[in-house]
Structure formats: structure tokens, C-alpha cells
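# Using only what follows, build the 3D model:
(one chain, ligands or ions: 1)
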Amino acid sequence: MIKFPKDFLWGTATSSYQIEGAVNEDGRTPSIWDTFSKTEGKTYNGHTGDVACDHYHRYKEDVEILKEIGVKAYRFSIAWPRIFPEEGKYNPKGMDFYKRLIDELLKKDIMPTATIYHWDLPQWAYDKGGGWLNRESIKWYVEYATKLFEELGDVIPLWITHNEPWCASILSYGIGEHAPGHKNYREALIAAHHILLSHGEAVKAFREMNIKGSKIGITLNLTPAYPASEKEEDKLAAQYADGFSNRWFLDPIFKGNYPEDMMELYSKIIGEFDFIKEGDLETISVPIDFLGVNYYTRSIVKYDEDSMLKAENVPGPGKRTEMGWEISPESLYDLLKRLDREYTKLPMYITENGAAFKDEVTEDGRVHDDERIEYIKEHLKAAAKFIGEGGNLKGYFVWSLMDNFEWAHGYSKRFGIVYVDYETQKRILKDSALWYKEVIQKNSIE
Ligand SMILES: CO[C@H](O)c1c[n+]2c([nH]1)[C@H](O)[C@@H](O)[C@H](O)[C@H]2CO
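Take a look at the predicted model:
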């Protein structure tokens, strides 16, 4: 049996656009994901977050489920377009939803953990110079974050400024798979810079407000990159893949500079880094209280002269999830050890880890998702090994509490430990939820 520390924070995670629905309710205006999902061909079968899991109306039932599972904390995100439906125009009715949600959580003794930005940028912000491409976005974001701190500050013990700046910039402005769907790498790096700057400015605002008992950090998606062979060129490919996925965000936050090798590589593609101003890196690297780590899989790369990153992914030997991601729990251990060795001794939380599998409701009305139990168990073993070696890992949030809108994949991919029948909005605790409940009760895994 593997025991976890006494105060280990067991949780689950969701995000606003993926579960709430009620996209036109109580003053909310469209986000870039409302626009993107309604654009022909952008999401699986044209799926949108219009209804999603109808969490906006069913939040009490969902908090009951959280209580039944026995989580200690629940990570959710706040929809910026509910709080500021127009530039500078605060919407108290939008804030009231989160106050109701938090009240329910606190009544059930569940710690609310809030992500300030999980990709649902207000459309009005995008309409003003491309959203994160516009340096003004920093000012808009700090106004939004400050209002959250004012209204919810001390009832949220863990504040996460951003979920995965890599996805909100590279995937969204560079690769084009996520909203707003641009395919311009210079724009991607500009967006990344402004998102990181907005993080730093929000942390400074948080510090000035001196919010007792609350901590602030950021969540990064980190994908360890391994060379396909011992060949020097494959090792170089892995170095660039690591810079692309990980160091471009870890270095400015923890070292106060962008990685030299990537600056050199990128300068050939995007030209001048004229969007980096005097003092920006000092702001981005202001001290934080914890690091959120989203881990799902690793990458294995070989050298490819023709690709921008000189790296081409090669499939790993492990089993895959429904997303096609290799299952590699040992890479989570490697990642945590590397973060501890090279970046930070601060408390870390695994703010997302989970998997999509082909879930179906069987005759007995249950969902026997043994593969998901296995996935979570193996990653918890990796986490426990790190903790056992003195690693400062303080908690683990399963992605996700419930099946939800999986971005460009719509509702075709199920990550939840709770099954959602989208026709009826019925929730069914999968076997993984019942297993996780026991893990939390015993604070250990077999
Ligand atoms: C490589 O996966 C990324 O780190 C990642 C995976 N995921 C995420 N980021 C997002 O934070 C969630 O909104 C997704 O629903 C979830 C599942 O796809």
C-alpha cells in the first residue's frame, strides 16, 4: 500500500466553457470559444459549449457529487465574459454565480480552487486588436483579476492566474487548433508574452491587496521530450521540443529570461522580438507561491531538418488513450524530478492528470472504466515516488470531474470520472469515481 502525506490535497478539475452552458444567461456575452465553436469545421460535428453539462443550473447537484466522492478541493475556472461582458463594465450577476458555487463548496467543506483564465477570452477583447496580441489585454486582465480578488479574494485559498499559457498562445495563435484559430507563429509568441506579462501583473496586484491565507500560482502544461535514439541529432531535436513545450514558459517565470537556444531558433522564423519591453521579464518572474502542473503524456522525437523545430514526433511503445496520447506514468516522475532539480522548490500541485477512454453505460447502469482507474493509479504511484524522495508535491486534481466539452473534439472525448448523458444531463459515477473515493478515504493506493 502507498500512503500519501496527511494533508495531501485530493481534487478534481473542470473549466467554465467546458461545463457551464448558459452562454447567454445573467449578462454573459460571447467568448472567443463561442465564436470559434460556431465557425464551420472548427469543432467535432459543430459541437459548442451552449449547453455543455448545464452546470450553471446544476451546480448544486454537481457539488453534491463532489461531496459524495469526498474530494478535499475542487478546481474550477471563472468565465471572464460573465464578469466583464463589455470592456470596463462589471456584471455583478455574473459574479453571483461563482459566489453561489463557492458557498455550496464551503458548506460541504470542499476547498474552492479558482483558475482566473481557462481560454474563454471575451469576444470584445478579441475584437480590439486580436485579444492577447494587443498589449492592452494585460490591463483588461488585471482589471478582471483585481475584481475577482476584491469579491472572492480570501474565500479562495489557491488562485491560478492562467491555465496553460502554451495552449492559449501556441495552440491558439500559432497552430490554429484552438480559438481564435490563427496560424502565425510570431503572433503565438506575442500572445504568449502578453499572457505571461498579465500573469506577473496580476500577481503584483494580488500582493498589493494582501489577501490573507490565499496563495497564487500558475498552471503550465508540461510534456517531457525524449530523443528517439542516442544520436546527437535526436538529442538536439529533444532539446528543441523541450524548449517549445516547456522551457519557453518555465524559464521566464522561474529564471527571468527566455531560453537562449529557442530565441535563436525562433528569431529565424519571427524576426525581431520587439514586443519584449524593458522590465517585462522582471514582471513575468515575480515570485509565486506554487506551480500547477498539468501532465498527460510525453513526446519522443527524432531530428527532422525540414521542420521548424528540427524535431518530428515518433510514436512511443506505450498504450494510448482515446486522444492518441501515450500513457507514460514514469515520465511524470521524470518531469517532477526535473522541475525540482532545475526550476523550483516551491509547492507543486498536479492540477490536471487524466485520460479519455471509450466509456459506455452497461446493462447494470454503470461505467466500468478500468483503464482510467489504471491510468490514475499508475500516475499516483509516480507522484508518490517523487514525494517519497522529498518532492514538494502537495496535491492532485483529476481531469476531469465529469465528461465535458473537449474543445475541438467537442463531446466525442470523455475524460470524466463521472459520466454525463448529454441527452438527459444525467450524471453517473463511473467506477473510477468510486475507486477515487476510496483512495481519498484511505489517503493511499493499493
Ligand atoms: C497535453 O494536454 C494538455 O496539457 C491538456 C489536456 N487538457 C488540457 N490541457 C486543458 O487544460 C483541459 O481544458 C482539457 O480538457 C484537458 C484534456 O484534453
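
# Could you list every helix and strand that the helix or strand harbouring L196 packs against?
Using DSSP states H and E, L196 sits in helix 185-209. Judged by 3 or more C-beta pairs under 8 Å, 6 or more residues apart in numbering; DSSP states H and E, helix 185-209 is in contact with helix 136-152, strand 158-163, helix 165-166, strand 215-221, helix 248-255, helix 260-270, helix 280-284. Every residue, glycine included, has its C-beta placed from N, CA and C.

# Let's have the ones you listed in a markdown table, adding mean neighbour count and distance to the ligand.
Below are these laid out as a markdown table (neighbours: other C-beta atoms under 10 Å; distance: least, C-beta to the nearest ligand atom, whole Å):
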| stretch | mean neighbour count | distance to the ligand |
| --- | --- | --- |
| helix 136-152 | 19 | 18 |
| strand 158-163 | 26 | 5 |
| helix 165-166 | 25 | 8 |
| strand 215-221 | 23 | 3 |
| helix 248-255 | 22 | 12 |
| helix 260-270 | 14 | 19 |
| helix 280-284 | 19 | 21 |
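
# The helix holding L196 to helix 248-255, inter-axis angle?
Angle, helix 185-209 to helix 248-255, by axes from the mean of the first three to the mean of the last three C-alpha atoms, to 10 degrees: 30 degrees.

# what about helix 185-209, distance to the chain center?
16 Å (C-alpha atoms, centre = their mean, to the nearest Å).

# again with stretch 320-338
What separates the centre of stretch 320-338 from the centre of its chain is 16 Å, taken as C-alpha atoms, centre = their mean.

# what are the C-alpha coordinates of that stretch, in CSV please?
Output of stretch 320-338 as CSV, limited to C-alpha atoms (Å, rounded to 0.1, in the frame of the first residue of the first chain):
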residue,chain,number,x,y,z
ARG,A,320,-2.6,5.1,-25.9
THR,A,321,-5.7,6.9,-24.7
GLU,A,322,-8.6,7.9,-26.9
MET,A,323,-6.7,11.1,-27.6
GLY,A,324,-3.9,9.0,-29.1
TRP,A,325,-1.6,10.1,-26.2
GLU,A,326,0.9,7.6,-25.0
ILE,A,327,0.4,6.5,-21.4
SER,A,328,3.7,7.2,-19.6
PRO,A,329,3.5,7.5,-15.8
GLU,A,330,7.2,7.2,-15.4
SER,A,331,7.6,10.4,-17.4
LEU,A,332,5.5,12.2,-14.8
TYR,A,333,8.1,11.2,-12.2
ASP,A,334,10.9,12.4,-14.5
LEU,A,335,9.1,15.7,-15.0
LEU,A,336,8.6,16.4,-11.3
LYS,A,337,12.3,15.5,-10.5
ARG,A,338,13.4,17.8,-13.3
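
# Show me what counts as buried in that stretch.
Judged by neighbour count (16 or more other C-beta atoms under 10 Å), stretch 320-338 contains these buried residues: T321, E322, W325, E326, I327, S328, P329, S331, L332, Y333, L335, L336.

# Ramachandran angles for the residue in the stretch 1-150 of the chain positioned nearest to the ligand?
Distances between the stretch 1-150 of the chain and the ligand by C-beta to the nearest ligand atom are smallest at S15, namely 5.0 Å. When read as degrees, to the nearest 10, the backbone of S15 gives phi -140, psi 160.

# What is the burial count for it?
Using other C-beta atoms under 10 Å, S15 is surrounded by 25 other residues.

# Could you do the one 5 residues further on as well?
Per other C-beta under 10 Å, the neighbour tally for E20 reads 30.

# Show the model's pLDDT score for it.
Reported pLDDT at E20 in the predicted model: 99.

# Please identify the residues of the chain in proximity to the ligand?
Residues of the chain lying close to the ligand by C-beta under 6 Å from any ligand atom are S15, Q18, N163, E164, C167, N221, N294, Y296, E352, W399, E406, F415.

# any low-confidence regions in the stretch 251-400 of the chain?
By pLDDT under 70, the stretch 251-400 of the chain contains no weakly predicted segment.

# For it, which segments are assigned as helices?
Using DSSP state H, counting those that start in this stretch, the helices assigned to the stretch 251-400 of the chain run over residues 260-270, 280-284, 329-342, 370-388.

# re the thing from before, most neighbours, which of the residues of the chain next to the ligand?
With neighbours defined as other C-beta under 10 Å, the most crowded of the residues of the chain next to the ligand is F415; it has 27 neighbours.

# Surely that one is in contact with D403?
Yes. Assessed by C-beta atoms under 8 Å, F415 is found in contact with D403 at 6.7 Å.

# re the thing from before, who wins for proximity to S198 among the helices of the stretch 251-400 of the chain?
helix 280-284 (9.5 Å; C-beta to C-beta).

# May I have the closest one exported as CSV, CA atoms only?
Below are the C-alpha coordinates for helix 280-284, written out as CSV (Å, rounded to 0.1, in the frame of the first residue of the first chain):
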residue,chain,number,x,y,z
ASP,A,280,8.8,42.7,-18.9
LEU,A,281,10.9,39.7,-17.7
GLU,A,282,11.1,41.2,-14.2
THR,A,283,7.3,41.4,-14.1
ILE,A,284,6.8,37.9,-15.5
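
# List the residues that contact K212.
Residues in contact with K212 (C-beta atoms under 8 Å, 6 or more residues apart in numbering) are D154.

# same question but for G243, I mixed them up
Counting by C-beta under 8 Å, 6+ apart, G243 has contacts P259, D261, M262, L265.

# what ranges do the strands span in the stretch 1-150 of the chain?
2-3, 9-13, 73-77, 111-117 (DSSP state E, counting those that start in this stretch).

# quick one: R75 and D306, what's the gap?
40 Å (C-beta to C-beta, to the nearest Å).

# if you count what's nearby, which of these two comes out ahead?
Ranked by neighbour count (other C-beta under 10 Å), R75 and D306 place R75 first, with 31 against 6.

# Run through the bridge partners of the more buried one.
A13, T113 (DSSP bridges).

# my guess is it contacts G11, does it?
Yes. The criterion here is C-beta under 8 Å, and R75 meets it with G11 at 5.7 Å.

# residues near L291, how many?
Using other C-beta under 10 Å, L291 has 23 neighbouring residues.

# what sits against it?
Neighbours of L291 in contact, by C-beta under 8 Å, 6+ apart: G217, I218, T219, L220, L339, Y343, T344, L346, P347, M348, Y349.

# Cool, thanks, talk later.
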